[in-house]
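J.: what would the 3D arrangement of this be:
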Amino acid sequence: MHTDYGCLTLLAMDGTPGLEVRKRGGGWIPVSAPVGEFVINFGEMLEMWTQKRVVATPHRVVGGDAERMSIPLFYNPNAETNVAPIGSDQVIRAVDHLQKRFDETYLHLKDAS
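T.: Predicted coordinates for the structure are as follows:
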C-alpha cells in the first residue's frame, strides 16, 4: 500500500483488474475504469498543501494471472512552488518535498560511501 507523493495522478488503465483503494474505515475497494477513462488519485503534496482538506488516496495493486498495463501521469506544481500548508509561515518547495520522499523510498540509490 502507498500514496503518491505529488499532487494528482491521472491513471489510464487497460481494463484489467488489480488496482484497489483503501477505505477510510479499513478494507479495500476494487477500482475499475473502462479503457479511455482515467482514475484520479490525490497525493501527499496536495494533502499537505490543503491542510488535509484533500486526503491522499492509499492504494495498491493486487497481482493476478492476467498481464496488466497502466500508464500514470504525475501532475505536480513548478519545482519552486511553496506547498506548505495554506496560511502557514512555512516554506516547503515542491521539489524538496518530492526529493525527501524519493530519498526515503529509494534507499538503495544512496551512496554507500
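
J.: mind checking pLDDT for the spatially most central residue of the chain?
T.: Centroid check for the chain by C-alpha atoms, centre = their mean gives residue 4 as the closest residue, at 1.6 Å. For residue 4, the pLDDT comes out at 96.

J.: tell me the contacts of the closest residue to it other than its chain neighbours?
T.: In space, and not counting its chain neighbours, residue 4 is closest to residue 43: 3.9 Å by C-beta to C-beta, 6 or more residues apart in numbering. Where C-beta positions appear, they are placed from N, C-alpha and C, glycine not excepted. Residues counted as contacts of residue 43 (C-beta atoms under 8 Å, 6 or more residues apart in numbering) are 3-9, 56-57, 74.

J.: those residues in strands, which ones?
T.: The strands, defined by DSSP state E, take in 8-9, 74 from those.

J.: closest one of those to residue 86?
T.: Set against residue 86, the nearest of the ones in strands among the contacts of residue 43 by C-beta to C-beta is residue 8 (16.8 Å).

J.: surely that closest one is in contact with residue 40?
T.: Yes - here residue 8 reaches residue 40: they are 6.3 Å apart, a contact under C-beta atoms under 8 Å.

J.: and those two? Which one has more around it.
T.: Legend: neighbour count by other C-beta atoms under 10 Å for residue 8 and residue 40, higher for residue 8 (17 against 11).

J.: show the contacting residues for the more buried one.
T.: Counting by C-beta under 8 Å, 6+ apart, residue 8 touches 40-43, 46, 74-75.
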